[in-house]
Each structure stands twice: as structure tokens, then as C-alpha cells.
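Visitor: Starting from these lines, generate the structure:
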Amino acid sequence: MKRFAFAMTTILLLSLASAPPRARGQSVPDAAVDHAISGAWSLATREPDARGLIERAIDRAIDGMLPFVRGMAQGELRARTPIDRDLAIHVAPERIEVRLGDNAFATVPGRPRRMPVPGFAGETVEVVHLVRSGRLEQIFSTDQGRRWNVFAPSTDGERLTLDVTMSGALLPAPVQYRLEYRRVD
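Guide: Model prediction:
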């Protein structure tokens, strides 16, 4: 039974496939993104409300799966979808760094870099940061799948929208949710 559960979890993770990130919110010109998005940010919604958004997104994504598979998929998606109360972003032409909670990811823009997966010993992830259409895209790729974080600053630079998209071949629908942050520096 444990082998079957492990196999099903592995299949689910392998199924997370690429899909374009959602691009919503107000756009800031690319030349101004470094100034508009760089800084410290704090979750603007209450954490229980944010958890509820994520839970509903997971439920929509796994709706229609067999109950046994659904339970495993739900647990795995929850484990890989933390709520980051604090963000820190630094965008510069030669380096982009994003700190999500206690985990920092830094790359040369447009150049993927392999790093350990925080909290999952022995796993690695390829991370790339791109500035497009006034937004910062952070793309995580593993053998198990892909996740897009799209950070969009408001035109006044005081708010930040984070759109998250995770999708997979075995998921009936992508996991998609949006969190709002406010500037703290």
C-alpha cells in the first residue's frame, strides 16, 4: 500500500506540466519594474483567508479525481504551497533575488539556476526570473513539474499582486490563486 501511495504521489508530481502564467493586474513599464517591485512586502490579507483561497484553488484543481488519488494529491499540493507572509524582492539588470519567507532564490535574469528545494531534502529545482510586460516572473521547474509566480506591482508601487499557477497532466485543472501584498519599507 505504501508503494502504491508513493507511486501515485510521484505520478502526480511528474504530471505538473508547463502552462503559461496568468498575467493580471496593473502593468508597470519594464524599465521601471526594478524600482516598483524591489523592496519588502507583507501579506495584505489575513493568513486564514489566504489559506482558504489556496485550499479552494487546490480543491478546484483536483475535482474529479478518484477519492484515493484526490486525498494524496491534496496533501502533496498543500505541502508544496506555503503561505509566504513576507516577501523581499531585489531586481537589478545583473541579478534578481526573491525571498519568499525564509527561502531566497537568486538568478541572473533569464538564466536558469539549479538549487535545493527548501524543505524537501535531496530535491532540486531549476529557477529562472524574467521581467516581462511590467511584471516579474519566477518559474520553478523540477522533474515533477512547474510553478509560476507572477509578481505585478501597482502603478503607485504600494501594492503587489502575486498570481500563482501550477498545472499538470493529471490535474483536471491548474491550481491558480492570487495573493495581495503591501509595501513595508
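Visitor: contacts and neighbour counts: CA atoms only from here.
Guide: Fine.
Visitor: Could you double-check that Ser38 lies in contact with His90?
Guide: Yes: with the criterion set as C-alpha atoms under 8 Å, Ser38 and His90 qualify as a contacting pair; they are 4.6 Å apart.
Visitor: Show me which of these two is the more surrounded one.
Guide: Neighbours per residue (other C-alpha atoms under 10 Å) separate Ser38 from His90, with Ser38 holding more: 21 against 16.
Visitor: what packs against the longest helix along the chain?
Guide: Using DSSP state H to define each element, the chain has its longest helix at helix 47-62. Contacts defined by 3 or more C-alpha pairs under 8 Å, 6 or more residues apart in numbering; DSSP states H and E place helix 47-62 against helix 67-79, strand 175-183.
Visitor: So which of those is the most surrounded?
Guide: Stretch with highest mean neighbour count among these: strand 175-183 (a mean of 20; mean count of other C-alpha atoms under 10 Å).
Visitor: For that strand, output the C-alpha coordinates as PDB.
Guide: Backbone C-alpha positions of strand 175-183 (Å, rounded to 0.1, in the frame of the first residue of the first chain) are rendered in PDB as follows:
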ATOM      1  CA  VAL A 175      -4.000  25.300  -9.200                       C
ATOM      2  CA  GLN A 176      -4.400  29.100  -9.500                       C
ATOM      3  CA  TYR A 177      -4.700  31.700  -6.900                       C
ATOM      4  CA  ARG A 178      -3.900  35.300  -6.100                       C
ATOM      5  CA  LEU A 179      -2.500  36.900  -3.000                       C
ATOM      6  CA  GLU A 180      -2.100  40.600  -2.300                       C
ATOM      7  CA  TYR A 181       0.900  42.200  -0.600                       C
ATOM      8  CA  ARG A 182       1.600  45.700   0.700                       C
ATOM      9  CA  ARG A 183       4.900  47.500   0.800                       C
END
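Visitor: This protein: helices as residue ranges?
Guide: Counting by DSSP H, one finds helices in the chain at the ranges 2-14, 30-37, 47-62, 67-79.
Visitor: tell me the average confidence for the second one?
Guide: Read that as helix 30-37. Average pLDDT, helix 30-37: 78.
Visitor: who are the neighbours of it, in terms of helices and strands?
Guide: Right, helix 30-37 is packed against strand 86-92, strand 124-132, strand 135-142, strand 145-153 by 3+ C-alpha pairs under 8 Å, 6+ apart.
Visitor: Let me see the mean pLDDT of the second one.
Guide: When pLDDT is averaged over strand 124-132, the result is 94.
Visitor: quick revisit: now find how far off-centre the longest helix of the chain is within its chain.
Guide: Average the C-alpha atoms of helix 47-62, do the same for its chain, and the two points are 14 Å apart (C-alpha atoms, centre = their mean, to the nearest Å).
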